[in-house]
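Asks: Just to be clear, the model below is a prediction. Sequence and coordinates:
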Amino acid sequence: MLAYLAHFGGEGSHQGNMSLLAPLALIGVVVCVGAIMVPLLGLAVSGAQGLVRAWRARRRRLRAAANAEMRARTMMSELCPHGWRATITMVSGADGERGVGGRNRVALDWTELEDDSGRPAVMRRVWAPTIGEALDAMVADRRTDETLEQIEHGAVADGALWPDA
C-alpha cells in the first residue's frame, strides 16, 4: 500500500518528490521491535507456565495429603470400633533418631481404645519418611492386629490353648 501511494499518490496528496526512506525505516523499526519482543514474550510465557505447573503440583500434593488423612481416619474408625487416638511427631536428625539415609522421619503413636471409658487396649508406634506413609503404616499395623486377633479367636474356638487366653 505504501508503494502504491508512493508511486501514484492518493487523493489529496501533493505531487512531488516522495521518499521511500520513511516507510522503510518504519518497517525496519517494527522488525527490530518484533525481534526483541518475541523472545521476551517466549520467556514470559514459559515462566508463567512454570508458575502454573508449580501451583497445580502444590495443590495436588495438598489434596493427596488430605485424602490420605481422611482415608486413614475412615479405616481406623472401622478397625477400632471403640475409638482410637494418634499423635504425629516429626523427628529431625538433630533429635537423634535418623531415617534411612539420614533423612528426617515421622513417628506416629497410635492407641486403640478398649471401650468407651477411654482405656488404651493397644499402643503402637510406626515410623515412616512422610506423614502419608506413616498414616498408611498405622492402618496396615491395625489390619495386621485384626488379622492376628481373628486367627487367635479361630484357634481358641477350635480348642487350642493360647498363653494369654
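Replies: Received, thanks.
Asks: so where does residue 106 fall, helix or strand?
Replies: strand 105-113 (DSSP states H and E).
Asks: who touches that strand?
Replies: Outside of strand 105-113, the residues that reach it under the criterion CB atoms under 8 Å, 6 or more residues apart in numbering are 76, 80, 82-91, 97-99, 119-131, 133-135, 137-138, 141-142, 145. For glycine as for every other residue, the C-beta is placed from the backbone atoms N, C-alpha and C.
Asks: That strand: which residues count as buried?
Replies: Using 16 or more other CB atoms under 10 Å as the burial criterion, the residues of strand 105-113 that qualify are 105, 106, 107, 108, 110, 111, 112, 113.
Asks: biggest helix in this structure, by residue count?
Replies: With DSSP state H applied, the helix covering the greatest number of residues in the chain is identified as helix 21-79.
Asks: So what are the sheet partners of the very next helix or strand once past that one and their directions?
Replies: Under the assignment DSSP H and E, the closest C-terminal helix or strand after helix 21-79 is strand 84-91. For strand 84-91, the pairing partners within the sheet under DSSP bridges are strand 105-113 (antiparallel).
Asks: can you dump the C-alpha coordinates of the strand it pairs with into CSV?
Replies: Once side chains and other backbone atoms are set aside, the C-alpha atoms of strand 105-113 remain, and they are given as CSV (Å, rounded to 0.1, in the frame of the first residue of the first chain):
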residue,chain,number,x,y,z
ARG,A,105,11.4,-39.2,59.9
VAL,A,106,7.9,-39.2,61.2
ALA,A,107,6.9,-41.1,64.3
LEU,A,108,3.2,-41.9,64.6
ASP,A,109,2.0,-43.2,68.0
TRP,A,110,-1.5,-44.6,67.9
THR,A,111,-3.7,-46.1,70.6
GLU,A,112,-6.8,-48.3,70.2
LEU,A,113,-9.2,-47.7,73.0
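Asks: Quick one: mean pLDDT for it?
Replies: Strand 105-113 carries an average pLDDT of 89.
Asks: Residues contacting the very next helix or strand once past that strand, please?
Replies: Next in sequence after strand 105-113, counting helices and strands by DSSP H and E, comes strand 120-128. For strand 120-128, the external contacting residues (CB under 8 Å, 6+ apart) are 82, 99, 105-114, 134, 136-138, 141, 145.
Asks: thinking again about what came up before, what angle separates the strand holding residue 106 from helix 21-79?
Replies: Using axes from the mean of the first three to the mean of the last three CA atoms, to 10 degrees, the direction of strand 105-113 lies 40 degrees away from that of helix 21-79.
Asks: Report the inter-axis angle for strand 105-113 versus strand 120-128.
Replies: Calculated by the same axes, to 10 degrees, strand 105-113 forms an angle of 160 degrees with strand 120-128.
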